[in-house]
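S.K.: Coordinates for the following, if possible.
(one chain, ligands or ions: 1)
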Amino acid sequence: MRSVKNKYHGNVISIINIWDMIRLGRYINQWLVTLDQEKPMMRSTASLVMLCSLFVFSFAQPTAPAYENLNAVLWMQTSVEYQASAVQTYRLAQLALLRGLRDERWTAALEQNGEFEKLPPAVVLDLDETVLDNSAFEARITASGETFSDPAWTKWVNERAAGLVPGAMDFVQFAHANGVTPVYITNRVCDSSKDDDPTVQQLRKLHLPLEAVSDQLLCAHTSKESDKTARREMIAKKYRILLLFGDQLGDFLQIPTDAADLTGRESLFITHQGLWGERWFQLPNPMYGSWEGAVGYSVDAKLSKLRK
Ligand SMILES: [Mg+2]
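M.R.: The predicted structure is shown next:
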């Protein structure tokens, strides 16, 4: 799940029908002729304004391509490079899980403290773009030129049509077979106490291990809820968290408001660099994410961040 963002899509001129432009031209011409007959001075001023407008308009070609997310979505859907990245991440995590099981003081959660050695082991995974593949949803809005919206996302969730991220199923089955409970913390708005909840049914449809749904699936209450810290704290009271999985920085730690910019995120990354690939496993997602908010959603903001 992600927050609504504002994007600048497409070419302004392309959305103006050419016939409308011809009709507009005729109206303007008629108006100028009338002015020429009644108020010649005003006609000159109007002509000058029109000329200036045309000049400005000709330089106002938007710089955004119509399909800004096309490469990102296609990379997720068609490249073996994406598949290999996800599979290698989950495969390496199997080795980390075994190491974590052997060491009773091992935990991946910054929220875990106190005497947690005897707690049953768990792994905590985000859902979207970590376990669930929603690239078909992204493909739809990319192809139609739409932007992300909560109603469009809810419609997709209700379809229960997500796929699996490569390697995810093998990993959760491996964890389950080794007595480690997979726990899902998602920012989807869902209700794990209801069997007919679309996300609960989605997980069941994909045959993901899910025995005690209320314990294993922690939903967001509203679409504005993005911080997972409190939910990680809840899990840390019941389980020893061996590993964390996500496609967003917030899947691993709390991002303070004053550290949400690029510099702050870099600093958080470096502070915890010993955990990546050992206890924290990041899945690739070039389609969307909190990184984009840190860059800025406008094309101009993005262009200004390019390092040339
Ligand atoms: Mg995610």
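S.K.: Would you tell me which strand is longest in this structure?
M.R.: strand 181-189 (DSSP state E).
S.K.: Tell me how far that strand lies from the chain's centre.
M.R.: Relative to the centre of its chain, strand 181-189 is centred 15 Å away, using C-alpha atoms, centre = their mean, to the nearest Å.
S.K.: so what strands line up beside that strand?
M.R.: Sheet pairing here is set by DSSP bridges, and for strand 181-189 it gives strand 121-125 (parallel), strand 217-220 (parallel).
S.K.: so which of the ones you listed is the most packed in?
M.R.: For the strands paired with strand 181-189, the largest average neighbour count (mean count of other C-beta atoms under 10 Å) is found in strand 121-125, namely a mean of 25. Using the backbone N, CA and C atoms, a C-beta is placed for each residue, glycine as well.
S.K.: which residues touch that strand?
M.R.: When contacts are defined by C-beta atoms under 8 Å, 6 or more residues apart in numbering, strand 121-125 is touched by residues 97, 100-101, 108-109, 131, 168, 172, 175, 179-185, 232, 235, 238-246.
S.K.: thinking again about what came up before, and of the strands paired with strand 181-189, who's closest to Ile270?
M.R.: Ranking these by proximity to Ile270 (C-beta to C-beta) places strand 121-125 first, at 22.5 Å.
S.K.: now check the closest one, is it near the ion?
M.R.: No: counting by C-beta under 5 Å from the ion, the ion has no neighbours in strand 121-125; the shortest distance is 9.4 Å.
S.K.: pLDDT of that strand, averaged?
M.R.: Mean pLDDT, strand 121-125: 98.
S.K.: just how off-centre is that strand within its chain?
M.R.: Chain-centre distance of strand 121-125: 22 Å, with C-alpha atoms, centre = their mean.
S.K.: And stretch 216-228, by the same measure?
M.R.: So, by C-alpha atoms, centre = their mean, the centroid of stretch 216-228 is 14 Å from its chain's centroid.
S.K.: got the CA coordinates for that stretch in CSV?
M.R.: Backbone C-alpha positions of stretch 216-228 (Å, rounded to 0.1, in the frame of the first residue of the first chain) are rendered in CSV as follows:
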residue,chain,number,x,y,z
GLN,A,216,-0.1,-13.3,11.7
LEU,A,217,-1.7,-10.5,9.8
LEU,A,218,-1.4,-6.9,11.2
CYS,A,219,-3.3,-4.4,9.1
ALA,A,220,-3.5,-0.7,8.9
HIS,A,221,-6.6,0.9,10.3
THR,A,222,-6.7,3.8,7.8
SER,A,223,-4.9,4.5,4.5
LYS,A,224,-3.0,7.3,6.3
GLU,A,225,-1.3,4.8,8.7
SER,A,226,2.1,4.1,7.5
ASP,A,227,4.3,3.8,10.5
LYS,A,228,4.8,0.1,11.5
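S.K.: after the worst-scoring helix or strand of the chain on mean pLDDT, next one along is what?
M.R.: Ranking every helix and strand in the chain by mean pLDDT, DSSP states H and E puts helix 40-58 at the bottom, with a mean of 55. Scanning forward in sequence from helix 40-58 by DSSP states H and E, the next helix or strand is helix 70-78.
S.K.: which parts of that next one are buried?
M.R.: Ala72, Val73, Trp75, Met76 (16 or more other C-beta atoms under 10 Å).
S.K.: Next one: Gln83 relative to Glu104, how far apart?
M.R.: Gln83 is 35 Å from Glu104, where distance means C-beta to C-beta, to the nearest Å.
S.K.: And stretch 223-241, end to end?
M.R.: In stretch 223-241, first residue to last residue: 26 Å (C-alpha to C-alpha, to the nearest Å).
S.K.: That stretch vs the ion: in contact?
M.R.: No: residues of stretch 223-241 contacting the ion under C-beta under 5 Å from the ion: none, with a closest distance of 10.2 Å.
S.K.: In that stretch, which residues are buried?
M.R.: Under the neighbour-count criterion of 16+ other C-beta under 10 Å, stretch 223-241 has Ser223, Lys228, Arg231, Arg232, Ile235, Ala236, Tyr239, Arg240, Ile241 buried.
S.K.: and the first one, which of the three is it?
M.R.: When the structure is reduced to helix, strand and coil (DSSP: H, G, I helix; E, B strand; the rest coil), Ser223 reads as coil.
S.K.: Quick check, it in contact with Val157.
M.R.: No: assessed by C-beta atoms under 8 Å, Ser223 is found out of contact with Val157, at 11.0 Å.
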